[in-house]
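**Q** Provide a 3D model corresponding to the input given below.
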Amino acid sequence: MRHSVICTVAIVALSFLLTAPPPVSAQEYVLEMGTVVPAGSPWALQLKRLKKYVEEETGGRVKVKLRLGGSNERSLARRAQMGSKQGFAGSVGGLSSIVREVNVLEAPYVFDTVEEADKALDDPEVLKQVREILAKQKLVFGLWGENGFRSYFSRRPIRTPADMKGIRYRSQEAVAHVEAYKALGASPVTIDVANTMTSLQTGVVDGFDNTPLFAMATTWYQGLDDGERNLILSKHSYQPGIVVYSKKWFDTLPKDIQEVLLNVPYELTTWGRDQVRKMEPVLLKNLVRYGYDIHEPTEEELKRFKDKEKGVPEAVAKQVGPAGQKLLKAVKAAKAK
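**A** Residues are numbered from 1 along each chain as shown. Purely as a prediction, here's the structure:
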């Protein structure tokens, strides 16, 4: 009898071991994320929310370290690509210096409104293609952020494309931006974030394009002297933010942690976008206080810029290759839905 009971217990125990789910790994992982975004900015706040979500959902097994205030997006993105850092958070323009196909997302006037941008970027087919493009470059898509619509800051007033002829503008190291400047007759000079302020102060360049938020967050607006502070709200390029992970690192993670990183709540994306958008009216008022002459172009004035840059998106897509052309086509289809 006793022998029978022992055998029964042993069989039950063995059955439990064979059928019980495998234990969750208690190993800890570090997600170190490089970014140029300044502390205290809405982008930094969005990243802090991402950090909180990842650490809570993984039960503390993933420790997120945000390295804010970096200087060169290309370098930071490259580190994630090579696996020396586990993640990168920045602009699509910055990422496009190593993932050329995504340049098409920032080509001039691909998007006219934030509603168009949201509709296209959140479209399942567009997201599918972005993920495939990133995977080929050893990166994994995390989520979207937002910088917003870029406009031209310059020493002299700009009203027409002819006014930009020969002006040296700081440009992000992105094909879409460089080609847009060239189409308008301007002279783009690619300069990283860390050296832009000095380049403005010393006259290496006479202007730049970016969002009011980025201009204020980086203090670039101070690089133009009093009496030479002009901003035309051309809103020529919508710039998404993006978070990507190193595929080399991602592939080492347990499946449940991978799922956490791949399924960040959509509310985190919409929250980030909302934070950026609600700040713009206040920022424009602040720029006026700091001596900026802000010009809202008429429809006729804006049409002149659009006409000059009309063929740039397709030219950029052709330059970056078939995957870029396919992505631009998907974006246009999503906008038309």
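
**Q** next, residue 65: secondary structure please.
**A** strand (DSSP: H, G, I helix; E, B strand; the rest coil).

**Q** tell me, what's the model's pLDDT at it?
**A** Looking at residue 65, its pLDDT is 98.

**Q** these two touch, right, it and residue 34?
**A** No - the pair residue 65 / residue 34 is not scored as a contact, 9.7 Å apart, by C-beta atoms under 8 Å. From N, CA and C alone the C-beta is placed, and that goes for glycine too.

**Q** and the residue nearest to residue 314 when sequence neighbours are not counted, what does it touch?
**A** Distances taken as C-beta to C-beta, 6 or more residues apart in numbering place residue 328 nearest to residue 314, at 7.3 Å, with adjacent residues excluded. Contacts for residue 328 (C-beta atoms under 8 Å, 6 or more residues apart in numbering) come out as 104, 107, 110, 313-314, 317.

**Q** narrow the residues you listed to those that are buried.
**A** Burial by neighbour count, judged by 16 or more other C-beta atoms under 10 Å, picks out 104, 107, 110, 313, 317 from the contacts of residue 328.

**Q** and which of the residues you listed is nearest to residue 284?
**A** residue 110 (23.2 Å; C-beta to C-beta).

**Q** nearest residue to that closest one other than its sequence neighbours?
**A** Leaving aside its chain neighbours, residue 110 sits nearest to residue 313 (5.4 Å; criterion: C-beta to C-beta, 6+ apart).

**Q** show me what the one helix or strand that neighbour maps to is packed up against.
**A** Taking DSSP states H and E as the definition, residue 313 sits inside helix 312-320. Helix 312-320 is packed against helix 175-183, helix 322-336, with contacts defined by 3 or more C-beta pairs under 8 Å, 6 or more residues apart in numbering; DSSP states H and E.

**Q** low-confidence ranges, the stretch 1-150 of the chain, go.
**A** 1-25 (pLDDT under 70).

**Q** which parts of it are strands?
**A** 29-34, 62-67, 87-91, 139-154 (DSSP state E, counting those that start in this stretch).

**Q** packed most tightly, which of those would that be?
**A** strand 87-91 (a mean of 29; mean count of other C-beta atoms under 10 Å).

**Q** ok, now how distant is the residue nearest to residue 139 when sequence neighbours are not counted from residue 131?
**A** Excluding its sequence neighbours, the residue lying closest to residue 139 (C-beta to C-beta, 6+ apart) is residue 244, at 4.5 Å. Separation of residue 244 from residue 131 (C-beta to C-beta, to the nearest Å): 10 Å.

**Q** do residue 181 as well
**A** Residue 181 is 30 Å from residue 131, by C-beta to C-beta.

**Q** who's in contact with the residue nearest to residue 183 when sequence neighbours are not counted?
**A** Nearest non-adjacent residue to residue 183, counting by C-beta to C-beta, 6+ apart: residue 309, 4.8 Å away. Residues in contact with residue 309 (C-beta under 8 Å, 6+ apart) are 108-109, 180, 183-184, 236.

**Q** ok, now residue 195?
**A** residue 71.

**Q** just the element for it, please.
**A** Using DSSP H and E, the element containing residue 195 is helix 193-201.

**Q** render the CA-only coordinates of the very next helix or strand once past that helix in CSV, please.
**A** Remark: after helix 193-201, the chain's next helix or strand is strand 207-210, criterion DSSP H and E. The C-alpha trace of strand 207-210 is given here as CSV (Å, rounded to 0.1, in the frame of the first residue of the first chain):
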residue,chain,number,x,y,z
GLY,A,207,19.3,79.7,-41.3
PHE,A,208,17.9,76.3,-40.7
ASP,A,209,14.6,74.4,-41.0
ASN,A,210,13.0,72.7,-38.0
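
**Q** which other residues reach strand 207-210?
**A** Outside of strand 207-210, the residues within contact range by C-beta under 8 Å, 6+ apart are 147, 150-155, 167-171, 177, 196, 200, 215, 220, 223-224, 234, 236-237.

**Q** out of these, which are buried?
**A** 147, 150-155, 167-171, 177, 196, 200, 215, 220, 223-224, 234, 236-237.

**Q** where do the strands sit along the stretch 201-337 of the chain?
**A** Under DSSP E, counting those that start in this stretch, the stretch 201-337 of the chain gives strands at 207-210, 230-246, 293-295.
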